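**Q** any chance you could fold what I've pasted below:
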Amino acid sequence: MIILPYTAGDFDGVVALWRETGIFKPYNEPKSEIARIEKNNNCLLYVGRETPGPEGRVVASVLVGHDGYRGWIYKLAVAEDQRGKGYGRRLVQFAEAWLIARGMPKVNLMVRAENPAAQDFYHHLGYETAGHAVLGRWIDKGDTDLTSAEIDVVVTYMEMTAAPTRPTVPLPPGKHALLRVENPTISFYRFLYNTVGEQWLWTDRRRMSDEQLIAQVDHPEVELYVLYTGGQPSGFVELDRRPKPDLNFAYFGLLNEFIGRGLGKYLLNWAVDQAWSYGPQRLTVDTCTLDHPRAIGEYQRAGFSPVKQVQKRMLDPRLEGYAPMHVIPRLPEILAN
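**A** Here you go, the predicted model:
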């Protein structure tokens, strides 16, 4: 048996295996279950094949994951005509090694009471029946109060209707280069977006598939400019010329290590000048209370004016897995009228 990570081509084989072995339950729809697994960085589904490659039959599976404190094993299944070959033991040992490599000191699993054969199997591998009651509740049926899982956000919409009359903002001392990135690769764009936006809970682009993202950033009327300092990226600005006759500042920001050096003022004012060179009717940008606390002020100094504020409630992106839990969102604040 060859143990390999699950791929989309394994779906039919996995579902057939789960049906055959009785671990499939009608309330656990496999397509949505596997979709949740694939979105989670703390667990992986593995399949056992008779031979490598897509032509090999799926004869076993195991789902292994952890919650940061303990490891868990689920979906252990071996085809009936392949039992007695030690495949189940191999999958358990593989899952345990996966968890040890991630620093988990203990592994837990659950066995249905009506499956004594599975309990015997795990007992022979050294697993003990824990003296704990397993409690459960379906939380996706619409009766769960999400108030504590939501955060308040105030979005400020800003515009500039005429090119500013001011001297050019000089670059701060140092070795800098400002370059347009044409046909950006997904990996480079995600590096910029994720690194700059992580502390401000930027998640819109994190939610996109690679195909969706490339359709956004590789458009001929979307321009990505990256500022380099000492040979490494220090910030970027993304100009979107598609909302004609307007031009939108889609994203703007600096890597955390370069904030406070005057680079942001230079890059923002350069981007404003570059945007006006296309002759738009107006420039637009929006920012929210999750962004840098000086964001609105910097946009105003660059020539933007607030035109509208909207208060929203959103599911905390940290709980969805799109942002790290150590980032603390700022409390919303409303501009004075």
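
**Q** shaky segments in the protein?
**A** Applying pLDDT under 70 to the chain picks out residues 27, 52-54, 140-147, 330-337.

**Q** can you give me the helices for it?
**A** Using DSSP state H, the helices found in the chain span residues 11-21, 30-39, 87-100, 116-124, 186-197, 210-217, 263-276, 295-302.

**Q** what ranges does the stretch 51-200 of the chain have for its strands?
**A** Secondary structure of the stretch 51-200 of the chain (DSSP state E, counting those that start in this stretch): strands located at 58-66, 71-78, 107-109, 150-160, 176-181.

**Q** could these go into TSV alongside mean neighbour count?
**A** Any C-beta I mention is one placed from the backbone N, CA and C, and that applies to glycine too. TSV is the format used below for the strands of the stretch 51-200 of the chain (neighbours: other C-beta atoms under 10 Å):
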stretch	mean neighbour count
strand 58-66	23
strand 71-78	22
strand 107-109	16
strand 150-160	18
strand 176-181	14
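
**Q** quick one: which of those strands is nearest Ile23?
**A** With C-beta to C-beta, the closest approach to Ile23 among these belongs to strand 71-78: 5.5 Å.

**Q** which strands or helices does the closest one pack on?
**A** helix 11-21, strand 43-49, strand 58-66, helix 87-100, strand 107-109 (3 or more C-beta pairs under 8 Å, 6 or more residues apart in numbering; DSSP states H and E).

**Q** and the ones you listed, which is most packed in?
**A** strand 58-66 (a mean of 23; mean count of other C-beta atoms under 10 Å).

**Q** can you add distance to Ala275 and give the strands of the stretch 51-200 of the chain back as TSV?
**A** Shown next, in TSV, are these (distance: least, C-beta to C-beta, whole Å):
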stretch	distance to Ala275
strand 58-66	46
strand 71-78	51
strand 107-109	55
strand 150-160	9
strand 176-181	13
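
**Q** can you give me the strands for the stretch 201-337 of the chain?
**A** Using DSSP E, counting those that start in this stretch, strands in the stretch 201-337 of the chain cover 222-229, 232-240, 247-254, 283-288, 305-315.

**Q** which stretch among those comes nearest Asp10?
**A** Asp10 lies closest to strand 305-315 among these, at 30.8 Å (C-beta to C-beta).

**Q** list the buried ones in that closest one?
**A** Gln309, Met314 (16 or more other C-beta atoms under 10 Å).

**Q** my guess is Val78 contacts Val62. True?
**A** No: using C-beta atoms under 8 Å, Val78 makes no contact with Val62, being 9.5 Å away.

**Q** what's the overlap in contacts for those two?
**A** Listed as contacting both Val78 and Val62 by C-beta atoms under 8 Å, 6 or more residues apart in numbering are Gly48, Leu91.

**Q** re earlier: which one of the strands of the stretch 51-200 of the chain lies closest to Arg318?
**A** strand 150-160 (8.9 Å).

**Q** distance between the closest one and the chain's centre?
**A** In terms of C-alpha atoms, centre = their mean, to the nearest Å, the centre of strand 150-160 is found 22 Å from the chain centre.

**Q** what's the angle from it to strand 283-288?
**A** For strand 150-160 against strand 283-288, the angle by axes from the mean of the first three to the mean of the last three C-alpha atoms, to 10 degrees is 160 degrees.

**Q** what domains does the record give for the protein?
**A** 2-124, 147-315 (automatic domain parsing).

**Q** and those domains as TSV, adding distance to Arg137?
**A** Formatted as TSV, the domains of the chain follow (distance: least, C-beta to C-beta, whole Å):
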stretch	distance to Arg137
domain 2-124	13
domain 147-315	15
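
**Q** for these, which one sits closest to Pro324?
**A** Of all the domains of the chain, domain 147-315 sits nearest to Pro324, with 6.7 Å by C-beta to C-beta.

**Q** chain center to that closest one, what's the gap?
**A** That offset, for domain 147-315, works out to 19 Å (C-alpha atoms, centre = their mean).

**Q** now stretch 119-138
**A** On C-alpha atoms, centre = their mean, the centre of stretch 119-138 falls 33 Å from the chain's centre.

**Q** list the buried residues in that stretch.
**A** Neighbour-count burial for stretch 119-138 [16+ other C-beta under 10 Å]: Phe121, Tyr122, Tyr127.

**Q** distance of the second one from Gln274?
**A** In this structure, Tyr122 lies at 64 Å from Gln274, with C-beta to C-beta, to the nearest Å as the measure.

**Q** who's in contact with Tyr189?
**A** Contacts of Tyr189 by C-beta under 8 Å, 6+ apart are Arg205, Leu213, Val217, Leu224.

**Q** go on, Arg90?
**A** Met1, Ile3, Gly48.

**Q** in CSV: those residues, plus distance to Ile259.
**A** Putting these into CSV (distance: C-beta to C-beta, whole Å) gives the following:
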residue, distance to Ile259
Met1, 52
Ile3, 45
Gly48, 49
